[in-house]
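J.: Here is the input, now give the coordinates:
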Amino acid sequence: MIFILPPKLLSVWALFWILFFFLLEIPAQINVFTAETMRQLNKETGFYNKARIDFTYHSGNTVTQAFKLRYRTDYVRSNYHLFAVNDFQVRSKDSNVFINQGMIHGRSIRSIKPKQMLEAFVQKQFNQSILLKDRSLLGGGLRFQLFDQSPNKTNSNLDVYVGVGAMWEYEKIEDVGSVALVTNLIRSTNYISLNYAISGQSMLEITTYYQVNFTNQKDFRVLTEVNLNYQLTKKVQAFTSLNSRYDNEPPQKLVFHDLQINNGIILSF
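T.: I've put the predicted structure just below:
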């Protein structure tokens with residue numbers, strides 16, 4: 001079966017891949033769904049919660065199947081937004097079930113101008129499949145809106161955001177044998193996010209992060225997430241997502257690239 005994308009959607013994909021390959025040629029914080037974050041900013045004051053359940057196939061350094069649960073809580077108040085994301089994953093390999101990945105991310109966003117925002121974040125993470133025993137992040141930056149979904153404009157179905165900033169990163173990696181590799185440094189963290197409303201029920205979201213060590217330009221990561229969401233009911237969404245992680249200087253015994261394909265539902269309440 002062959003799927004043909006609409007011309008507008010093809011142009012969005014073309015822009016994404018041009019930007020993605022450009023970033024890979026330049027001499028990574030977890031994606032926290034920038035499109036979802038921006039939608040929350042437009043809501044009324046209050047708390048909002050979402051639970052996301054999906055099935056994952058992972059190829060790269062490991063080949064596994066996984067059940068994943070992500071819980072997110074947001075607090076919105078006029079031009080201020082605070083949220084936290086908790087990620088928990090159970091994987092099976094060779095008929096053995098084990099827990100090997102977890103993350104909690106907190107972020108605050110404050111609007112300073114109509115299309116400019118200040119961001120600050122903190123994160124704690126571990127991931128056995130990439131030998132990551134501990135990662136702690138603390139950082140912030142600026143977010144700019146280049147295009148917005150306005151009914152008075154011809155690009156009313158497209159949002160584009162760009163973020164620039166810096167973060168402190170502490171990592172403890174089990175690199176060779178039982179020897180732990182510890183890094184403590186400052187990275188630049190930048191991203192671009194494209195949100196395309198295909199229809200009233202479906203949305204395409206693409207976010208790419210570029211994170212580079214200020215003192216070593218060869219030490220960089222590119223993190224990309226592509227989400228295709230479809231609104232089934234007012235409270236339930238179905239989704240398919242693709243997660244790509246490229247590390248230009250990975251620990252020994254690991255390959256440069258990891259890829260995940262996810263399918264599942266999101267419950268809002």
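J.: Now the residue nearest to Gly60 when sequence neighbours are not counted: which helix or strand?
T.: Spatially, and ignoring its direct neighbours in sequence, Gly60 is nearest to Asp258 (3.9 Å; CB to CB, 6 or more residues apart in numbering). All C-beta spots, glycine's among them, are computed from the backbone N, C-alpha and C. Secondary-structure assignment from DSSP states H and E places Asp258 in strand 257-268.
J.: give the contact list for Leu146.
T.: Val160, Tyr161, Val162 (CB atoms under 8 Å, 6 or more residues apart in numbering).
J.: How about Val195: which residues does it bridge to?
T.: Residue 195: Asn, not Val. Asn195 has the following beta-bridge partners by DSSP bridges: Asp159, Glu205.
J.: Isn't it up against Ser202?
T.: No - the criterion here is CB atoms under 8 Å, and Asn195 misses it with Ser202 at 11.8 Å.
J.: In terms of neighbours, single out the busier of those two.
T.: The neighbour count for Asn195 versus Ser202, taken as other CB atoms under 10 Å, is higher for Asn195 (24 against 15).
J.: I'd like to know how far that one sits from Val160.
T.: Computed as CB to CB, to the nearest Å, the Asn195 to Val160 distance reads 8 Å.
J.: wait, isn't the residue nearest to Gly60 in contact with Thr64?
T.: No - at 11.3 Å, Asp258 and Thr64 do not qualify as touching, with contact defined as CB under 8 Å.
J.: Any idea how far the one helix or strand Arg110 maps to is from the middle of the chain?
T.: In this assignment (DSSP H and E), Arg110 forms part of strand 96-113. Here strand 96-113 is found 9 Å from its chain centre; the criterion is CA atoms, centre = their mean, to the nearest Å.
J.: which residues touch the residue nearest to Gly60?
T.: Counted by CB under 8 Å, 6+ apart, Asp258 has contacts His58, Gly60, Asn61, Ser129, Ile130, Asn243, Ser244, Arg245.
J.: how about a cut-off of 7 Å?
T.: Asp258 is in contact with Gly60, Asn61, Arg245, counting by CB atoms under 7 Å, 6 or more residues apart in numbering.
J.: ditto for Asn263
T.: Asp54, Phe55, Thr240.
J.: Give me the local confidence score for it.
T.: Looking at Asn263, its pLDDT is 84.
J.: Relative to Phe55, how far out is it?
T.: 6 Å.
J.: what comes up buried for the strand or helix carrying His58?
T.: For His58, the element it lies in under DSSP H and E is strand 46-59. Across strand 46-59, burial judged by 16 or more other CB atoms under 10 Å covers Tyr48, Lys50, Arg52, Asp54, Thr56, His58.
J.: Quick check: beta-bridge partners of the third one?
T.: Beta-bridge partners recorded for Arg52 (DSSP bridges): Arg70, Ile266.
J.: swap in the last one?
T.: Listed beta-bridge partners, His58: Thr64, Gln260 (assigned using DSSP bridges).
J.: Quick check: it touching Ser92?
T.: No - contact criterion CB atoms under 7 Å: His58 and Ser92 do not qualify, at 11.0 Å.
J.: which residues do these two both contact?
T.: Thr64.
J.: circling back to that earlier point, present the contacts of Asp258 as CSV; the columns should include neighbour count.
T.: Converted to CSV, the contacts of Asp258 look like this (neighbours: other CB atoms under 10 Å):
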residue, neighbour count
Gly60, 17
Asn61, 18
Arg245, 23
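J.: now, among those, which is nearest to Gly106?
T.: For the contacts of Asp258, the closest approach to Gly106 (CB to CB) belongs to Arg245, at 21.4 Å.
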